[in-house]
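**Student:** sequence and predicted model, in that order:
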Amino acid sequence: MKPSQQPHKTVFAESTDGAPTYWECPNCGFLSGDPRFLDLEHACPVCGAKGVERRRFPSDRIRRLDARIREYQTQGDGEIVVILVMALLETILEDILDRIMEAHGADLKVRSVVMDAERSIGVRIGKIFPSLTGEEFEDAAAELGYRDFPRRWRSMREARNAFIHDSPFNGPRERLDAGMGADAMVLLDQAYRLFVLLNNKFVADGSRRV
Ligand SMILES: [Zn+2]
């Protein structure tokens, strides 16, 4: 049995007003919101590494964008919230695919060639993800407790696209209503958790070094 079939329990970060804070084991890539992980002598539950500096996830770049999105949401600007959350989710998806490819041994050159060749988010979800993991994205999300996430993400992308491209087929969507901004924020919070679960299942599965 592969170690990935016996996943270590993921500890989620405590809720805050901003992006959650996770710590990453630099040895195996495991992500944990457990504050004990800050203590370098607390061994990684997957690979046992300790005494090594742990990186913070999400990155500072994502945290800055997250903070700006929350400002727009406070101001009630649902349109910009939806557009920016969709951009952030695409960045998060790119990041997880990159990490999974790296865990498979792909170097930076290979990873950037694959991501450049497939810029469509639909193809990334529908082809690259299952090719790398052996599971459909929808099934993996459902298995990890986020069954509705792929469908809600897709319908919000469609709304965003109809708004930006003023699609003549669907009729222009004059504005994304305020409720969609709130929905987008829920999706964002779920995305961080799903990312951590996907990472701990497909990257930090204890079978390889990252
Ligand atoms: Zn580790």
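**Tutor:** Everything's here; your move. Numbering: from 1, shown residues only.

**Student:** C-alpha from now on. contacts and neighbour counts both.
**Tutor:** Fine.

**Student:** for this protein, just list every one of the helices.
**Tutor:** Under the criterion DSSP state H, the chain contains helices at 60-74, 78-103, 108-117, 121-123, 129-133, 137-143, 149-165, 178-202.

**Student:** dump these to a markdown table, plus mean pLDDT.
**Tutor:** Output for those, formatted as a markdown table (pLDDT from 0 to 100):
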| stretch | mean pLDDT |
| --- | --- |
| helix 60-74 | 95 |
| helix 78-103 | 94 |
| helix 108-117 | 95 |
| helix 121-123 | 92 |
| helix 129-133 | 96 |
| helix 137-143 | 97 |
| helix 149-165 | 89 |
| helix 178-202 | 93 |
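
**Student:** between the ones you listed, which gets nearest to the ion?
**Tutor:** Closest of these to the ion is helix 178-202, at 10.2 Å (criterion: CA to the ion).

**Student:** which residues touch that closest one?
**Tutor:** With CA atoms under 8 Å, 6 or more residues apart in numbering as the test, helix 178-202 has contacts from 4, 7-8, 10, 12, 20, 29-32, 73, 76-79, 81-82, 85, 89, 92-93, 96, 99-100, 133, 140-141, 144, 146, 149, 152-153, 156.

**Student:** over to stretch 123-143?
**Tutor:** If you take CA under 8 Å, 6+ apart as the criterion, stretch 123-143 is touched by 97, 100-101, 118, 147-150, 194, 198, 202.

**Student:** list the buried residues in it.
**Tutor:** Across stretch 123-143, burial judged by 16 or more other CA atoms under 10 Å covers 124-125, 128-130, 133, 136-138, 140-141.
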